[in-house]
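Participant: Fold the following for me, if possible:
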Amino acid sequence: MEITCSFKKLIYPKEGQFSANGWMIGLYSAEEDLLDCDGGYIEDVKVVGYLLPVAKGIHYRLTGHWQKDDRYGTQFSLETYEEIVKPNRVSIVAYLSSGVIKGIGVKTAERIYEAFGDKTLDILDHDPEKLLGIKGISKEKLQVIRDSYADFRGARDLVAMLTPHGITAKKAIKIYAEYGHTSMQTITENPYKLCEMAGIGSKTADTIAHKLGMNPFDPRRLRAGVLC
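Facilitator: Prediction:
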């Protein structure tokens with residue numbers, strides 16, 4: 001199911017201690033009339049999962065399912081999410097300074113927005129070298145920003161790509177740890193590479209390969225049949 005929420009606070013780990021392979025628990029405010037798994041209306045949602053979105057001032061469309069924990073109660077288990085970053089100062093500055101991008105604090109985020117306005121995220125995605133014109137951003141800091149942003153986006157995009165095919169977010173994060181920023185390209189070019197990792201079988205690789213339009217008689221599929 002899908003729910004629309006805004007980030008309220010991080011429960012685990014502590015603020016600022018983000019990891020591309022860590023489990024997270026966050027509290028979110030519902031931005032719609034929301035019923036939990038018992039049919040009761042709720043305003044605050046406890047969300048659990050990997051790579052939770054934690055920028056304040058932004059709405060998120062979360063996809064997942066409700067689960068009941070004997071110790072922690074009702075929680076929303078996150079599978080994927082979509083950022084609803086409005087093209088305005090508040091949303092973009094909040095996103096940049098949320099802590100998921102190393103090297104960008106509130107002041108730097110405000111300077112970046114002053115320079116690029118509503119096109120800021122396009123600059124970050126496609127022409128990050130322009131950030132060198134921002135006070136306080138050296139070549140060294142730019143590299144930190146680029147690497148951090150690429151890791152976060154890359155891992156998140158991989159989770160979004162693989163979870164519909166039965167690969168858990170936890171396993172997707174392990175795949176990203178194995179292949180890094182080349183993960184999407186590696187899997188797109190040859191999804192049967194996944195068979196080299198423990199816990200992923202040929203059926204899952206076949207599902208992804210079919211979606212990508214690969215020939216079922218592709219030699220790579222036949223070789224994977226031996227491995228999986």
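Participant: partner strands of the host helix or strand of S6, parallel or antiparallel?
Facilitator: Assigned by DSSP states H and E, S6 falls within strand 2-12. The pairing partners recorded for strand 2-12 under DSSP bridges are strand 23-30 (antiparallel), strand 59-69 (antiparallel).
Participant: Out of those strands, flag the one nearest Y50.
Facilitator: strand 23-30 (6.3 Å; Cβ to Cβ). C-beta coordinates here come from the backbone N, C-alpha and C atoms, glycine included.
Participant: Go through the closest one and flag the buried ones.
Facilitator: Within strand 23-30, the residues scored as buried using 16 or more other Cβ atoms under 10 Å are M24, G26, Y28, A30.
Participant: Take those and lay them out in TSV including pLDDT.
Facilitator: Converted to TSV, the buried residues of strand 23-30 look like this (pLDDT from 0 to 100):
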residue	pLDDT
M24	87
G26	92
Y28	95
A30	91
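Participant: Among these, which one sits closest to T188?
Facilitator: For the buried residues of strand 23-30, the nearest to T188 is M24 (27.2 Å; Cβ to Cβ).
Participant: Can you report how many residues neighbour the nearest residue to the closest one once chain neighbours are set aside?
Facilitator: The shortest distance from M24 to any non-neighbouring residue, by Cβ to Cβ, 6 or more residues apart in numbering, is to L52 (4.2 Å). Using other Cβ atoms under 10 Å, L52 is surrounded by 24 other residues.
Participant: tell me the contacts of L52?
Facilitator: F7, L10, M24, I25, G26, L78 (Cβ atoms under 8 Å, 6 or more residues apart in numbering).
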